[in-house]
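*Asks:* Structure, please.
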Amino acid sequence: MQRLQAYKYELMPDGEQERNMRRFAGSCRFVYNKALAMQKENHEAGNKFIGYVAMAKQLTGWRNGPDTPWLKDAPCHPLQHALKDLERAYKNFFEKRADFPSFKRKGCGDTFRYPDPKQIKLDEANSRIFLPKLGWLRYRNSRDVLGELRNVTVSQSGGKWFVSIQTQREVNGERHSGTEKILPEQPLPTATSAIGIDVGIARFATMSDGSFVAPLNSFKKHQQNLARYQRRMSRKVKFSSNWKKAKARVQKIHIGIANARKDFLHKTTTTISKKHALVCIEDLQVRNMSRSSKGTVEQPGKKVSQKSGLNRAILDQGWGEFRRQLGYKVGWNGGMLLAVPPQHTSQTCPACGHVSKDNRQTQASFLCVDCGYENHADVVGAMNVLARGHRVLACGESAQSGRSMKQEPTEATRRSSRGAV
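*Replies:* Here you go, the predicted model:
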């Protein structure tokens with residue numbers, strides 16, 4: 001099994017290296033925006049999409065042309081990779097995985113990538129890395145890099161520069177060419193247990209065994225402080241020195257919020273993936289759940305303020321990132337992540353299979369109106385998620401996701417649900 005993994009470190013460049021990194025990031029942004037503008041003009045003229053090979057020839061003309069001779073100062077491969085990024089953005093749009101590509105702005109996501117590992121040298125003993133046209137850069141070496149180096153991405157965030165080193169390795173105990181490290185064997189499942197997880201706001205993650213993880217609410221903790229500095233920023237003259245200082249303060253708070261959330265999610269997903277071989281979660285559509293209810297002038301929405309607060313709380317939890325991290329970490333530990341339909345998981349009785357909205361009397365209380373089974377509503381949801389995961393694995397069923405909420409199950413359905421649970 002081949003494992004692709006990235007190791008991210010903070011760079012410690014000198015003044016000249018930092019200036020060059022800003023220039024290289026600006027050159028890649030210029031190439032991306034110029035190619036996007038050309039694609040739009042080409043589409044408006046009724047022509048076909050320009051592929052990467054044809055666009056790379058245009059890049060050669062830009063580098064050798066009289067209008068943009070400064071593009072020669074930037075390394076060639078990162079500029080070419082900017083065109084590949086644009087092609088991938090169009091592909092994601094055509095396959096309805098993302099919105100239409102937009103122009104990049106200065107200071108927002110400054111990054112460039114070296115895709116050729118032959119041009120990169122990594123000296124872990126001295127905590128430094130060699131990159132073309134940048135030379136040797138020192139970095140904060142917090143952990144060892146395992147595997148064969150594939151590519152390196154340099155990015156800027158909050159006034160600091162970072163390097164992300166992607167490696168590839170065979171997790172079968174064999175020695176990889178180009179490295180002196182013995183790679184670990186492909187792990188067997190660290191546990192044989194299965195767990196169902198119900199995510200929420202009052203409780204971030206509730207397990208089917210009754211345990212739960214309290215939410216971090218990173219944004220909520222810093223919301224008032226963030227709003228105060230945003231008001232200060234709004235009173236400054238735009239693009240003035242004081243405005244830039246206030247903007248840097250706002251960005252620092254946002255980065256702190258994101259880092260705290262990311263750290264919380266990594267620790268939580270690592271613990272879950274090491275303890276359980278089968279993890280079942282709900283297949284939630286977070287984008288639809290957090291969609292605004294403002295509506296239009298002709299048809300205004302209802303309870304817009306309450307829905308806005310709910311949307312903010314949902315996005316503060318990071319459910320999408322939680323699922324993404326669980327997916328690869330469970331696989332790394334030899335387990336399986338299974339997403340099941342989320343319909344009526346908190347309204348179905350795990351004892352008798354009765355489905356009714358009256359079963360969930362409050363946000364936290366569950367009491368079956370048919371058999372009297374009582375438990376925490378989130379625990380019931382997690383138990384139903386695990387039961388649906390077992391049924392999907394056993395016979396590929398959709399766990400009766402199409403059943404109406406008011407439809408009463410038959411006696412045969414109840415017996416089947418008891419046996420599955």
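*Asks:* how about stretch 125-137 as PDB, C-alpha atoms only?
*Replies:* Only the C-alpha atoms of stretch 125-137 are listed here, as PDB (Å, rounded to 0.1, in the frame of the first residue of the first chain):
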ATOM      1  CA  ALA A 125      20.300  16.700  10.100                       C
ATOM      2  CA  ASN A 126      20.800  20.500   9.700                       C
ATOM      3  CA  SER A 127      17.100  21.400   9.500                       C
ATOM      4  CA  ARG A 128      17.400  23.000   6.000                       C
ATOM      5  CA  ILE A 129      16.000  22.400   2.500                       C
ATOM      6  CA  PHE A 130      17.300  23.500  -0.900                       C
ATOM      7  CA  LEU A 131      14.800  25.000  -3.400                       C
ATOM      8  CA  PRO A 132      15.600  26.300  -6.900                       C
ATOM      9  CA  LYS A 133      16.400  30.000  -7.000                       C
ATOM     10  CA  LEU A 134      15.900  30.300  -3.300                       C
ATOM     11  CA  GLY A 135      18.900  28.300  -2.100                       C
ATOM     12  CA  TRP A 136      19.100  26.600   1.300                       C
ATOM     13  CA  LEU A 137      16.300  27.600   3.700                       C
END
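*Asks:* List the buried residues in that stretch.
*Replies:* Of the residues in stretch 125-137, those buried by neighbour count under the rule 16 or more other C-beta atoms under 10 Å are Arg128, Ile129, Leu131, Lys133, Leu134, Leu137. (C-beta placed from N, C-alpha, C; glycine too.)
*Asks:* and that stretch, average pLDDT?
*Replies:* Averaged across stretch 125-137, pLDDT comes to 97.
*Asks:* Then stretch 81-90?
*Replies:* 96.
*Asks:* any residues touching it, and which ones?
*Replies:* Applying C-beta atoms under 8 Å, 6 or more residues apart in numbering, the contact partners of stretch 81-90 are 28-29, 31-32, 35-36, 39, 49, 51-52, 55-56, 59, 98, 101, 112-113, 115.
*Asks:* can you tell me which two in the buried residues of stretch 125-137 are farthest apart?
*Replies:* Arg128 and Lys133 (15.9 Å; C-beta to C-beta).
*Asks:* Looking at the buried residues of stretch 125-137, which are in strands?
*Replies:* Arg128, Ile129, Leu131, Leu137 (DSSP state E).
*Asks:* so who does the third one touch?
*Replies:* If you count contacts by C-beta under 8 Å, 6+ apart, Leu131 has them with Tyr114, Gln119, Ile120, Leu137, Val152, Val154.
*Asks:* from those, which would you call buried?
*Replies:* For the contacts of Leu131, a burial check counting by 16+ other C-beta under 10 Å picks out Tyr114, Ile120, Leu137, Val152, Val154.
*Asks:* Sort out for me which of these are in strands.
*Replies:* Among these, the members falling in strands (DSSP E) are Tyr114, Leu137, Val152, Val154.
*Asks:* what is the third one paired to in the beta sheet?
*Replies:* By that I understand Val152. Tyr114, Ile165 (DSSP bridges).
*Asks:* Quick check, pLDDT for it.
*Replies:* Looking at Val152, its pLDDT reads 98.
*Asks:* any idea how far Tyr9 is from Pro78?
*Replies:* For Pro78, the distance to Tyr9 equals 19 Å [C-beta to C-beta, to the nearest Å].
*Asks:* Neighbour count for those two, which is higher?
*Replies:* Between Pro78 and Tyr9, Pro78 has the larger neighbour count (other C-beta atoms under 10 Å), namely 24 against 19.
*Asks:* I appreciate the help and will end here.
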